[in-house]
Each structure stands twice: as structure tokens, then as C-alpha cells.
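Trainee: Please find the sequence and the predicted model below.
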Amino acid sequence: MYESMVRQRMLEEKVVELYKSGSIPGLAHPYIGQEAISTGVCVALEKEDLIVSNHRGHGHSVAKGLPEKVMLSELMGKDAGMCLGLGGSMHSTDLECGIIFSTAIVGGGIPLSVGVALALKIDKKQNCVVCFFGDGATNTGAFHEGINLAAIWKLPAIFVCENNQYAISVPVSKSTLVPIAQRAQAYGIPGRSVDGMNVLDVHAAALEAISRAKKGEGPTLLECKTYRYTGHGAYDTGLDYRTQEEINDWKARDPIDKLERKIITEKLAAIEELESIRNKLRSELEDAVKFAQERPYPPDSLLAKFVWA
Amino acid sequence: MKTLSYAQAINEALAEEMRRDKKVLVFGEDVGKLGGVFKITKGLLEEFGPERVMDTPLSENAIVGAAIGVAIMGYRPVAEIMYMDFLHECADQLVNHLPKMHFMTGGKLTAPAVIRTQYSLGRNTGAQHSQFFPSLYMNTPGIMVATPSNPADAKGLLKTAIRGSNPVLFVESAALYATKGQVPVKEELIPFGKADLKRSGSDVTVVAVSRMVGEAVEAADALAAEGISVEVLDPRTLTPLDMDAILSSVKKTGRLVTAEDGCITCGVGAEIVARVTERAMDYLENIVRIACPDIPAPFSPPLQKAYMPETDMIVRSIKSIV
């Protein structure tokens, strides 16, 4: 868990740097601060379990096993990206890793996950699909329609809401009067709210939801309260609508620091071991950046290749 | 050959495909016990069971989303959206997701989902239950658009749609559901992108879509008695569109009439005229687009009659340019 969280954090810090220097074009929505959620959930999944991700999804894919060099290649629009450079930052598919799709339309992944879960159910597979989305998505019609349908059909799906407190600039308190987890009641499914800054809490809640899904008892809505340290995009400080004090308060609850303290206090590993993990990850990341930078852009012939199957 | 109604032909296509391939699923509003509000899915629940024929809540976006998800997992869903007007309810899944799954993932996913719907112009259903706007989806790369005009085409095109690898928007005309026609007893798959020559002629080419094909054929027959030779083409699918057939016909006749049930601006006719103008300008003497005016569909029967293009309008238009 520690390694996965640090891997995502380092990757995203590098993404912000590469974005600002112009190596990553388009849009990029950093996951920094939310790593406990992707990690807690994905560690609880088996390899054959599936995820559907969203625009803030680099962490989800890496937590599910996508190599950083592939992710970075996609972000730079290079040929070695998981979508061959046709997708970009907001789209990730790698079937071997169980990454079905990432959508750039807020809430759009929810109805799609219903279909994925329907296939798992008809196939009688002992697997599930996790759909990640933010607090903003819970106010879309897709959220309502999709979760209701999954509930009626008792599908093996887990709806993970990463409540990072803001839909771009609008705080969740100004867009929803009830706690997000409470919305599950309206669909007749369990809804749980957990500390999304604590990977062990997320993990425990995910295990319960996954077990329920795999037993054929239907979906769960899991709200993970968290915070994005950056603004909405890599270009945005987020200070136009948030105070530095608020950001600092959340950073004081950093999920990686928290786990690190626990590891040290409970003597699960020595500081030197953690340091060596960090060093290894740093060097792997540098290799990944170099790999992506050296890859060619896709040829123009790719342009029309995948419009039709 | 056997005689079937347009509705029966679609029902047969669904049943035969479901028998042939266990991966074919049908879901949508009222498609189960009721057999669909137009009875197109009648008998499917009884024969194939609730695992393959599923009623859904009134959630068009979730219906199409579920179709995408289950299709990328290897199934062949045929989802029904009750009225074409309701496609706007699921525009996000239908436009932003479905047609782009293969493209955005660099070919890793395919989504062979068929979205069946119908338009009801001609049935006095008012402005929100009459619209026909296939050109919106011609403007959306990655989804094929079929608009069958008769029972045999409806059956053959739907079978092709279900077996293909690409998403298909299958637009039926409710005004045609009761229309009877000859359908081959032996299985016949109709390829996409292949226009059907309904009448051969030398004075004018009419490219008609869906319900207007029958009207155009009637017009052609009426005009033949007056010595005007009308060629009628039914493209059958709008994406892909058989431009070769349209261009060679126009090059022969020098006159082009398009006929459709949607509003005229940016309609199917607009696109066909643009393409023909680009590629065969020197052959063209005249062009007329026949469509509904840029007005929402009215309810009152006399107003609807004034609003809808009919055989008479085609006859008058052809006479004005020949």
C-alpha cells in the first residue's frame, strides 16, 4: 500500500512539473492527496476485478497496475500510451490490468459500469467492477439512473465517490444538502462514508463492499472524504476558491504520512526500508519519464484507424 | 417470400438473432412482459427469459450506458429507446461515449451495441414524440445509422447491425409498423452502405429516407403515367452512405431531389446535396430538398398534414424542375 501511494504521488508531482514545462499538452487533473482511495480499493481487488475511472484517474490506473511509463507516454501523446496517444490524460484502458475505461464526462462512467457489471453477473463470474467518480458526479442524472439500475439488477458493482470537497470551485456544501453516502438509501443499497485520507479505513470498507458484490448481494456506494491538494487541473492553484489554511489542514492529514507514521510506530518496517522504496520508485519514475520522452508521436495513419472496428 | 409487417419483420430479426447467439440481449422500457409499446419485442421474454430480455426503469442514459458496458464485455445488446425524441435523454452515452469507445482506447474496446428507436411523425403525437433527426448522428463519427423503409430491409439490416462490430443507431418509422411487405423466407443479411434502387429512371433522382421512400415510389409511379422518368434510391443506411450510387444516378439524370421526414436545416438532404455539389457540380441542373419546415411538429391532424412531406409534394417538386 505504501509503495502504491508513493508511486502515485511521485508520478503526479512529476505530471504537474511536465505539464507546466509544456511536455504534457491538453488537460491533466492531478490526483495528489487522494491516493489512499485508489490504493485502499485496488489492493482489495483481485487482478480479474475491473475498474472504471474518470478524468482524475491517473492514480486509479497506476494502483491497478498500469506501468508509469505507459501512463506518461499517453499523457505526452506518444505511441506507447495505453490508448496509443488517442486518449490522453483522461482516458485509460488496459484490459490486462482490468482497467476498462476512464471517462472525461463527469458521471458518465456510472451507467457504463452498470453494463460491465451486468456482463459479470450473466457470466456468473466471481468478480466485480469498481466505478470511481467525484462528488460533482453525484449531482448528475447519470449517477441517479446508473446506481438505481445497478441496485434493481443487484449487480456486482461498487460505486466509489471520492468526495474531494469541490467540483472545480463549488464546495460540496453548496451543491448537496445531504451527506453523499446517505443518497444510497434512496436506491435501497448500503452507503458508507469513510475517511478517504486513511488507506486502511478505505481498504476495510472496500473489502466489505467487494465481498457483498461478489456474493450477489448488489452494489454499495462508498463515499471517501478526501481533498485534492492542487487545483482542479495542473494549471490551477485552487487558491481562488480555497484558503491556504484549509489546504494546510488537509495536508496535515496526509494519507502517506499517516501510513508512514503507523509503519514506524508499529515497527512494520524501518525508516531505511521506506527510504529505499522511495529511492527505487524515484529511479523507476525517472526511467519512465525518459522512456516516454524518447518515444515517437503516433503516425498520422493512426488518425482514422480506429473510428470503425 | 412471405408477407410480414414492418413490425413483425423486426420482431423476427430479434428472435432469430437471439436464437442464433446467446450473447444477444434485449433491454429497454416495457420491452418485457408488454413486448414493447409498439409490440416489437413481443414474445421475446417468454422465449428467452428474464436474463436476456429486461425491462428497465425510465432511464435512457443508463439504458445506453448499460448497453455500452455489456457490449465491451462481449455481449450484443439491442437496447430500445421508445421514441427518437428520447435520444436527447441519453445523448451523453449515445454521443460522447458509445461511438468513441473504439477510437479513444486505441482499438482496445469494441462496443457492438444496437440502439433501436422509432420516430412517430404521421401519428399526431406532437412536437416531443415526432422528431426525426438522423443527421445529428451522421455528424457523430463512430456510430452507424440505419433507416429501413420496408419489412425486408428492416429485418435484413437489423440482423447485420446485431452481427457487426460497430455501434448502430437503428431508426424505425412507427408510421410504417403496420405496412406489409415481402420478406425472404431464407435468411438474408442486408449490407450497410448499399443503396437500394427502388425505381429506375432517367429524368430525376430522388434520394428518399425511411417513410419517404414509399412516398417517393408512389410519386415515381404517378409521374411515369405523365411521361416523367423518376429514379428512386433508398440509401437504407445514412452512415455509411452509398455516395457512389447517388453520384452515378445524379450524373445520369442531372437532377436531385432529397426527401426526408426531419426538419430541413442541416438534415440528411443538406448533406447529400453538399456532397453531390462537391463531386458532381457539372452534371447538376437542379436540386430540391423536401423535408419538414423548420417548425416543431404540430398536433392537430390538419396541421400535421400541412407540415409533413407527402407524395404530392414530391410530385410537385419534380414537375417544377423537370
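Mentor: The structure has been received and is ready for your questions.

Trainee: where do the strands sit along the stretch 51-200 of chain A?
Mentor: In the stretch 51-200 of chain A, the strands defined using DSSP state E, counting those that start in this stretch lie at A:99-102, A:129-134, A:157-163, A:166-167, A:170-171, A:191-195.

Trainee: Of all those, which one is nearest chain B?
Mentor: strand A:99-102 (6.8 Å; C-beta to the nearest C-beta). C-betas here are computed from N, CA, C, even on glycine.

Trainee: Check which helices and strands that closest one sits against.
Mentor: With contacts defined as 3 or more C-beta pairs under 8 Å, 6 or more residues apart in numbering or on different chains; DSSP states H and E, the packing partners of strand A:99-102 are strand A:50-53, helix A:58-63, helix A:109-122, helix B:60-72.

Trainee: May I have that strand as CSV, with CA atoms only?
Mentor: C-alpha atoms of strand A:99-102 as CSV (Å, rounded to 0.1, in the frame of the first residue of the first chain):
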residue,chain,number,x,y,z
ILE,A,99,-8.8,-1.1,-16.4
ILE,A,100,-11.9,-0.9,-18.6
PHE,A,101,-12.3,2.7,-19.4
SER,A,102,-11.9,6.2,-18.0
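
Trainee: same question for that strand, mean pLDDT?
Mentor: When pLDDT is averaged along strand A:99-102, the result is 98.

Trainee: cool, and stretch B:217-234?
Mentor: 98.

Trainee: so what's A:His58 up against?
Mentor: A:8, A:11-12, A:15, A:30-31, A:71, A:75, A:89, A:92 (C-beta atoms under 8 Å, 6 or more residues apart in numbering or on different chains).

Trainee: if you set the cut-off to 6 Å instead, what comes out?
Mentor: A:Tyr31 (C-beta atoms under 6 Å, 6 or more residues apart in numbering or on different chains).

Trainee: any chance of the helices and strands packed on strand A:99-102 in JSON lines, with distance to B:Gly227 too?
Mentor: What follows is the helices and strands packed on strand A:99-102, written out as JSON lines (distance: least, C-beta to C-beta, whole Å):
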{"stretch": "strand A:50-53", "distance to B:Gly227": "63"}
{"stretch": "helix A:58-63", "distance to B:Gly227": "69"}
{"stretch": "helix A:109-122", "distance to B:Gly227": "57"}
{"stretch": "helix B:60-72", "distance to B:Gly227": "50"}
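
Trainee: quick one: which of those is nearest B:Ser210?
Mentor: Comparison of those against B:Ser210 by C-beta to C-beta identifies helix B:60-72 as nearest, at 21.4 Å.

Trainee: Quick one: mean pLDDT over the helix or strand that the closest one is followed by.
Mentor: Using DSSP states H and E, the helix or strand that follows helix B:60-72 in sequence is strand B:76-81. For strand B:76-81, the mean pLDDT works out to 98.

Trainee: so what strands line up beside the host helix or strand of B:Val206?
Mentor: For B:Val206, the host element (DSSP H and E) is strand B:204-208. Sheet pairing here is set by DSSP bridges, and for strand B:204-208 it gives strand B:230-234 (parallel), strand B:255-263 (parallel).

Trainee: Pull the number of nearby residues for residue 182.
Mentor: All of this is about chain A. Neighbourhood size, A:Gln182 [other C-beta atoms under 10 Å in any protein chain shown]: 14.

Trainee: I was thinking of chain B, sorry if that wasn't clear
Mentor: For B:Gln182, using other C-beta under 10 Å, the count is 12.

Trainee: Which positions in chain A make contact with chain B?
Mentor: Residues of chain A lying close to chain B by C-beta under 6 Å from any C-beta of the partner chain are A:83-84, A:86-87, A:91, A:93, A:105, A:108, A:111-112, A:114-116, A:118-119, A:142, A:145-146, A:149, A:306-309.

Trainee: Up against chain A, what does chain B have?
Mentor: Near chain A, when you scan chain B using C-beta under 6 Å from any C-beta, you find B:59, B:61-62, B:65-66, B:68-70, B:73, B:75, B:92-93, B:96-97, B:102-108, B:110, B:141-142, B:165-166.

Trainee: Restricted to buried residues, select these in ChimeraX.
Mentor: Command for ChimeraX that selects the buried part of the residues of chain B next to chain A, burial taken from 16 or more other C-beta atoms under 10 Å in any protein chain shown:
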select /B:59,61,62,65,66,68,69,70,73,75,92,93,97,102,103,104,105,106,107,108,110,142,166
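
Trainee: returning to what we had before: quick check, distance from the strand holding B:Val206 to the centre of its chain.
Mentor: 17 Å (C-alpha atoms, centre = their mean, to the nearest Å).

Trainee: Same list, the strands paired with strand B:204-208, but as a markdown table with mean neighbour count please.
Mentor: Shown next, in a markdown table, are the strands paired with strand B:204-208 (neighbours: other C-beta atoms under 10 Å in any protein chain shown):
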| stretch | mean neighbour count |
| --- | --- |
| strand B:230-234 | 26 |
| strand B:255-263 | 26 |
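
Trainee: which stretch among those strands comes nearest A:Lys225?
Mentor: strand B:255-263 (48.6 Å).

Trainee: what about the closest one, average pLDDT?
Mentor: 98.

Trainee: what about the helix or strand following that strand, distance to the chain center?
Mentor: Next along the chain after strand B:255-263, taking DSSP H and E as the criterion, comes helix B:268-280. Mean C-alpha position of helix B:268-280 versus that of the full chain (C-alpha atoms, centre = their mean) differs by 19 Å.

Trainee: and helix B:268-280, which residues are buried?
Mentor: Result for helix B:268-280 [16+ other C-beta under 10 Å]: buried residues B:268-273, B:276, B:280.

Trainee: Check these against chain A and report the nearest one.
Mentor: B:Glu271 (17.5 Å).

Trainee: Which pLDDT value goes with that closest one?
Mentor: pLDDT, B:Glu271: 98.

Trainee: in the stretch 151-300 of chain B, which spans are helices?
Mentor: B:151-163, B:211-224, B:243-253, B:268-280 (DSSP state H, counting those that start in this stretch).

Trainee: how about those helices, which one is nearest A:Ala137?
Mentor: Closest among the helices of the stretch 151-300 of chain B, using C-beta to C-beta: helix B:151-163, at 31.5 Å.

Trainee: now for that closest one, which elements pack on it?
Mentor: helix B:6-20, strand B:180-183 (3 or more C-beta pairs under 6 Å, 6 or more residues apart in numbering or on different chains; DSSP states H and E).

Trainee: Now do that helix: distance to the chain's middle.
Mentor: That offset, for helix B:151-163, works out to 11 Å (C-alpha atoms, centre = their mean).

Trainee: same check, this time on stretch A:230-241
Mentor: With C-alpha atoms, centre = their mean, you get 18 Å for stretch A:230-241.
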